[in-house]
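J.: Sharing a model that was predicted from the sequence below.
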Amino acid sequence: MEVTTSRKPAPFLRTFSKDLAFALGCHYSPRGKAGLDVITRIDSLVLVVSKERRGYLVEIFLDGESVEGLSFASFQVQSREGDLIRGLQVGNQTVYDILKQYLNVSKTECGNSVVTFDGAQRRRYVLSLKNAV
């Protein structure tokens, strides 16, 4: 699995993407000027992180085709206390059911509209989902 960004991401989005790759135990590839077709040929499963008009999107590509997307309105970076947890922690059952097909996710009681993951250097990301079911 590969994680990359949009072509000209803000520095915080690159850090977010690198930490997402760290949490999922996969590789981060800087996108640069490469087109999506080049990136999706690197691996069969690719996550593309980008800034949307009113939030953020982690789009999941499988074999070069967009299959799912995780939209979130905002995220916070906190200091992680305790042990590192690999993968994503999801509170919403519907989001969990969708993501478990592609990613290392676990169902937790972190809140219906929240996804969390642990990055490098004791960072914990808390994502506020858009339109959580």
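T.: Yep, that arrived.
J.: Give me the pLDDT for Met132.
T.: Met isn't right for residue 132; it's Ala. The predicted local distance difference test score for Ala132 is 51.
J.: Scan this protein for its longest strand.
T.: Among the segments of the chain that qualify as a strand by DSSP state E, the longest is strand 65-79.
J.: what residues does it touch?
T.: For strand 65-79, the external contacting residues (C-beta atoms under 8 Å, 6 or more residues apart in numbering) are 16, 52, 54-61, 95, 98-99, 101-102, 115, 119, 122-131. Every C-beta, even on glycine, is put in place using the N, C-alpha and C of the backbone.
J.: before we move on, what about stretch 50-59?
T.: By C-beta under 8 Å, 6+ apart, the list of residues contacting stretch 50-59 reads 5-6, 9-10, 13, 20, 47-49, 66, 68-75, 127, 130.
J.: Could you do stretch 30-46 as well?
T.: Contacts for stretch 30-46 (C-beta under 8 Å, 6+ apart): 1-7, 9, 14, 27, 29, 48, 60-64, 102.
J.: pLDDT (mean, whole number) over stretch 28-35?
T.: Averaged across stretch 28-35, the pLDDT comes to 88.
J.: now do stretch 64-83
T.: Across stretch 64-83, pLDDT averages out at 93.
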